[in-house]
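Chemist: got a structure for you, letters missing:
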């Protein structure tokens, strides 16, 4: 089954001077039923490294609606590792749907004060887990780090091998790990990265630095000319929605009812790139939008706010 789906762009019409844009969506959200999108790819090299280190326990971090935690639980359930997750904020008597899924997958949850959570592996709760289980392998929050980027580099290579007819790719960014992995693949075309976080203007340099760490040795150090980083599409901040974005999502869902976007990442990047196309400011004819999953994140919002549940 092809994972390429054409997008309906109703506001764009042919004219004498500007050819009509074409944009397809690579449905990464359909790749794996339990761990869709980029999160599964980020975890693959971490699993190999944990096995190499003879770890018995794999632990990680995330919020109560984290896509990473959700994919982590589903992925680890298929392995012999014990899965442990530090959850940001005190665990409430009624767990979120995301955390309930993790418990069903056998993940052991540890609540963490936000002040302690920010310390990562140096936090008190992480030290307590290390003391209890001894040989623990830690996956960074979001599945990031060099190994997470390597998994995304492999993913990009597979996409390019199957679908090489595009002038540019579009991908959303949180930590920037996926973008770095994509850029490290030498056959990836121009890469437009749209950050869902506020205050990330310096992240472009971080992506370039991580790209150099994971690029194959035969790839020249000229990654930066293919990277276009957009830090102004957060629409108010992480997981926030501006009125303009909400209006766009309603319109998009009506036009593309079988193409759900997630509430945190792909919704913002899709809004941004289609706005550029509508302004005739997008310099490419054929574009591939990489859907990075995260649809389970809608469970952190009211049903009424999810236009795709009504489409």
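Modeler: Okay, I see it. Small disclaimer: the values here were computed from a predicted structure and weren't measured.
Chemist: what about this structure, any weak spots by pLDDT?
Modeler: Along the chain, segments meeting pLDDT under 70 span 10-19, 216-222, 310-311.
Chemist: max-length helix in it?
Modeler: Longest helix of the chain, by residue count under DSSP state H: helix 145-162.
Chemist: Just the buried residues of it, please?
Modeler: Neighbour counts over helix 145-162 (16 or more other Cβ atoms under 10 Å) mark 145, 147-157, 159-160 as buried. From N, CA and C alone the C-beta is placed, and that goes for glycine too.
Chemist: can you redo those as JSON lines with distance to residue 241?
Modeler: Listed next are the buried residues of helix 145-162 as JSON lines, based on distance: Cβ to Cβ, whole Å:
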{"residue": "145", "distance to residue 241": "29"}
{"residue": "147", "distance to residue 241": "32"}
{"residue": "148", "distance to residue 241": "27"}
{"residue": "149", "distance to residue 241": "29"}
{"residue": "150", "distance to residue 241": "33"}
{"residue": "151", "distance to residue 241": "29"}
{"residue": "152", "distance to residue 241": "26"}
{"residue": "153", "distance to residue 241": "32"}
{"residue": "154", "distance to residue 241": "33"}
{"residue": "155", "distance to residue 241": "28"}
{"residue": "156", "distance to residue 241": "29"}
{"residue": "157", "distance to residue 241": "34"}
{"residue": "159", "distance to residue 241": "29"}
{"residue": "160", "distance to residue 241": "33"}
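Chemist: coming back round to it: could you name the helices and strands sitting against the longest helix of the chain?
Modeler: Judged by 3 or more Cβ pairs under 8 Å, 6 or more residues apart in numbering; DSSP states H and E, the packing partners of helix 145-162 are helix 38-52, helix 177-184, helix 203-214.
Chemist: Check what contacts it and list those residues.
Modeler: Helix 145-162 is contacted from outside by 26, 28, 38, 41-46, 49, 139-140, 142-143, 175, 177-178, 180-182, 184-185, 187-188, 210-211, 213-215, 288, 290, using Cβ atoms under 8 Å, 6 or more residues apart in numbering.
Chemist: Next: stretch 226-238.
Modeler: With contact meaning Cβ under 8 Å, 6+ apart, stretch 226-238 is reached by 173, 179, 183, 188-201, 203-204, 207-208, 211, 240-242, 244-245, 264, 268-269, 271-272.
Chemist: Kindly state the domain boundaries assigned to the protein.
Modeler: Listed by automatic domain parsing, the domain ranges of the chain are 4-30+144-309, 38-139.
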